[in-house]
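Asks: Only the shape, not the letters, is given here:
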């Protein structure tokens, strides 16, 4: 099965982290990504720019509303993702637990809704 | 209904349930879909419950169920499911039915199913109901009444949990040894919750809840036989058997509550107690202590009375000390305080109770107030005792227990 690991972090805390701490974090993500690739579980993964760069679009009454900012104001913000291949939720949960974000924020594990699932 | 047909019905139901659970487990593990497996078997199970009491349990119950599922209900299954999924399910059922005709045994995968139902990704409160439904085939209404929620709510929770198993990709497997601990705890907890729900209806007047105690023991036996190397599986079974052994003594013929210390030991079931003692010894031999073994050992110390001995309170106190250390809870703390009172005196017991009195959960917990009342009464603190009895009486759901508390409070006033 394919799973998304959605990374939620307090981006203000991340932005205010001292330089050496930020470098440590970066190195931890590097090692984690490497481990994912080596195991063959890695499908994709990206870091997102902070929500100050976010633009939200909504169509109402035929009009396009553009909002500068994220969809929802929350304490932790979507900061990046990995898409992985795992046999089941146990394996996906193991990868989620190893992600550096699991100790600084939250990693949400979501199964991909595969095309073949539409039939059942 | 006369006795014989009643027995035939019970035997058929037990056999059908056993086969049903095995088949759901077998199919679910392959389809990774509990709801799909249940759908495939629902009508066959209903037919078995109708037919077996009259015709007797077939020689190969699983084969019978699979054959009926295929022959009678292929169309029904097809209607319920659509497209590719249905074809997959139907093909699987057909294959299995044919395989079953030639092979002797279906592999027993109920344990794998139980681990899927008690997976950490499933909400804790729905795990026990889910196991009851999938492994034993109980319907949502029966489970709902046992767990005191509305059938609609229970039905929705069960459906949601089953969807979650499929959609989240929850595996049907017994975890590796290294991760077994926590996962096994969840399975044992669900089984114990099942038993405890039945146990809380000692008079057996609510048939559905009473049955839950035997379902819990049945599941406990299954797990103990499938994972005999884990001492806690034996400990849990021993604990349930000790408790069940005292069922007949817990109420007087008039339905009044009889406290443990005053129970007529001749009403205890010696066979069950002996079996429990044996299990506890086997568990202890493995040298890994755990919550259920300790609780079973407490029960064992309480039953020492049956062979003319007296209750071994110092041992009980030590066991509760150990329980506090590995699985402390307000309930354990209260029982420990009662044991302290027996060993060191009521004043020490009351002091131990007062030390945990800050815990807010205790404010609405009947046994805490009943224990306070009893110990205060023994120390002659009549006003405190009366107040505590009032709190306890107000919190008690069971009328027999309420009558007992009221009588105890009555003795207080006369003194």
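Replies: Cool, got the structure. What you see is a predicted model; the values in this text were computed from it and never measured.

Asks: Could you give the number of residues near residue B:179?
Replies: Counted with other CB atoms under 10 Å in any protein chain shown, residues neighbouring residue B:179 total 11. Backbone N, C-alpha and C define where each C-beta goes, glycine included.

Asks: Check which helix or strand it maps to.
Replies: helix B:177-199 (DSSP states H and E).

Asks: Check what contacts that helix and list those residues.
Replies: By CB atoms under 8 Å, 6 or more residues apart in numbering or on different chains, the list of residues contacting helix B:177-199 from outside reads B:114-115, B:117-120, B:124, B:127-128, B:130-132, B:146-147, B:174-175, B:209-217, B:219-220, B:223, B:227, B:230, B:232-233, B:236, B:239-240, B:243-244, B:292.

Asks: and those, which are buried?
Replies: Listed as buried from these are B:114-115, B:117-119, B:127-128, B:130-132, B:146-147, B:174-175, B:209-213, B:215-217, B:219-220, B:223, B:227, B:230, B:232-233, B:236, B:239-240, B:243-244, B:292; burial here means 16 or more other CB atoms under 10 Å in any protein chain shown.

Asks: Filter those residues down to the ones in helices?
Replies: B:114-115, B:117, B:127-128, B:130-132, B:146, B:209-213, B:215-217, B:219-220, B:223, B:232-233, B:236, B:239-240, B:243-244, B:292 (DSSP state H).

Asks: Just the buried residues of stretch B:345-352, please?
Replies: Going by neighbour count (16+ other CB under 10 Å), the buried part of stretch B:345-352 is B:346, B:349-350, B:352.

Asks: Also stretch B:247-263?
Replies: For stretch B:247-263, by 16+ other CB under 10 Å, it's B:247, B:249-251, B:257-258, B:263.

Asks: How far off centre is the lengthiest helix in chain A?
Replies: Secondary structure of chain A read by DSSP H shows that its longest helix is helix A:19-39. From the chain centre to the centre of helix A:19-39 is a distance of 14 Å (CA atoms, centre = their mean, to the nearest Å).

Asks: Contacts for it next, please.
Replies: With CB under 8 Å, 6+ apart as the test, helix A:19-39 has contacts from A:14, A:17, A:42, A:45, A:47, A:82, A:84, A:95, A:98-100, A:104.

Asks: Which strands or helices does the helix or strand harbouring residue B:303 pack on?
Replies: Here residue B:303 sits within helix B:291-303, counting by DSSP H and E. Packing partners of helix B:291-303 (3 or more CB pairs under 8 Å, 6 or more residues apart in numbering or on different chains; DSSP states H and E): helix B:231-245, helix B:270-284, helix B:313-327.

Asks: and chain A, which of those helices is closest to it?
Replies: Across the helices and strands packed on helix B:291-303, chain A has its closest neighbour in helix B:231-245 (21.3 Å, CB to the nearest CB).

Asks: before we move on, back to that, mind picking the one among the buried residues of stretch B:345-352 that's closest to residue A:61?
Replies: residue B:352 (68.2 Å; CB to CB).

Asks: hang on, the closest one packs against residue B:336?
Replies: Yes. Using CB atoms under 8 Å, residue B:352 is in contact with residue B:336, at 6.7 Å.

Asks: Below-threshold pLDDT in the stretch 151-300 of chain B: ranges please.
Replies: For the stretch 151-300 of chain B, the stretches with pLDDT under 70 are B:201-210.

Asks: Now do the domain split for chain B, please.
Replies: B:1-108, B:111-171+B:179-210, B:228-306 (automatic domain parsing).

Asks: number of nearby residues for residue A:10?
Replies: By other CB under 10 Å, the residues close to residue A:10 number 16.

Asks: Contacts for stretch B:227-241, please.
Replies: Applying CB under 8 Å, 6+ apart, the contact partners of stretch B:227-241 are B:111, B:174, B:180, B:184-185, B:188, B:191-192, B:195, B:213, B:216-217, B:220-221, B:223-224, B:272-273, B:275-277, B:279-280, B:282-284, B:286, B:288-296, B:299-300.

Asks: Return a selection command, for use in PyMOL, containing the buried ones of those.
Replies: Only the buried entries of those go into this PyMOL selection, using 16+ other CB under 10 Å:
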select buried, chain B and resi 111+174+180+184+188+191+192+195+213+216+217+220+223+224+272+273+275+276+277+279+280+283+284+286+289+290+291+292+293+294+295+296+299+300
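
Asks: Strands of chain A, start to end?
Replies: Counting by DSSP state E, one finds strands in chain A at the ranges A:2-9, A:42-47, A:55-60, A:63-68, A:77-85, A:106-111.

Asks: Touching the fifth one from outside, list them.
Replies: Contact with strand A:77-85 is made by A:1-11, A:14, A:33, A:36, A:40-48, A:50-51, A:70, A:92, A:95, A:99, A:101, A:105, A:112, as judged by CB under 8 Å, 6+ apart.

Asks: pLDDT (mean, whole number) over that strand?
Replies: The pLDDT scores in strand A:77-85 average 96.

Asks: where does chain A dip in pLDDT?
Replies: A:118-120.

Asks: need the residues of it near chain B, please.
Replies: A:1, A:3, A:86-90, A:92-93, A:109, A:111, A:116-117, A:119-120 (CB under 8 Å from any CB of the partner chain).

Asks: Wasn't residue B:142 part of a helix?
Replies: Yes. Assessed by DSSP: H, G, I helix; E, B strand; the rest coil, residue B:142 belongs to a helix.

Asks: What is the neighbour count of it?
Replies: 19.

Asks: just residue B:140 next, same as before
Replies: 20.

Asks: Then the one 5 residues further on?
Replies: When neighbours are defined as other CB under 10 Å, residue B:145 has 17 of them.

Asks: now swap in residue B:397 and tell me
Replies: Neighbours of residue B:397 under the rule other CB under 10 Å: 9.

Asks: just to revisit the earlier point, do you know which of the domains of chain B lies nearest residue A:61?
Replies: By CB to CB (comparing all of the domains of chain B), the closest turns out to be domain B:111-171+B:179-210, at 34.6 Å.

Asks: before we move on, the earlier item: got the buried residues of stretch B:247-263 as a markdown table, with secondary structure columns?
Replies: Below are these laid out as a markdown table (three-state DSSP):
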| residue | secondary structure |
| --- | --- |
| B:247 | helix |
| B:249 | helix |
| B:250 | coil |
| B:251 | strand |
| B:257 | strand |
| B:258 | coil |
| B:263 | coil |
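
Asks: re earlier: out of the contacts of helix A:19-39, which one sits closest to chain B?
Replies: Set against chain B, the nearest of those by CB to the nearest CB is residue A:84 (11.8 Å).

Asks: Need the nearest residue in space to the closest one, chain neighbours excluded.
Replies: Of all residues not flanking residue A:84 in the chain, residue A:41 sits nearest, at 4.5 Å (CB to CB, 6 or more residues apart in numbering or on different chains).

Asks: give me the number of residues near the one you found?
Replies: Around residue A:41 there are 19 residues (other CB under 10 Å).

Asks: how many neighbours does residue B:11 have?
Replies: Other residues near residue B:11 come to 14 when the count uses other CB under 10 Å.

Asks: does chain A sit close to the helix or strand it falls within?
Replies: Per DSSP H and E, residue B:11 falls inside helix B:3-31. No. Applying CB under 8 Å from any CB, one finds helix B:3-31 out of contact with chain A, separated by at least 9.8 Å.

Asks: Toward the C-terminus from that helix, list the very next helix or strand.
Replies: Next helix or strand after helix B:3-31 toward the C-terminus (DSSP H and E): helix B:34-55.

Asks: how many neighbours does residue A:65 have?
Replies: 10.

Asks: What's opposite it in the beta bridge?
Replies: Per DSSP bridges, the residues bridged to residue A:65 are residue A:58.

Asks: That concludes my questions; thank you for your assistance.
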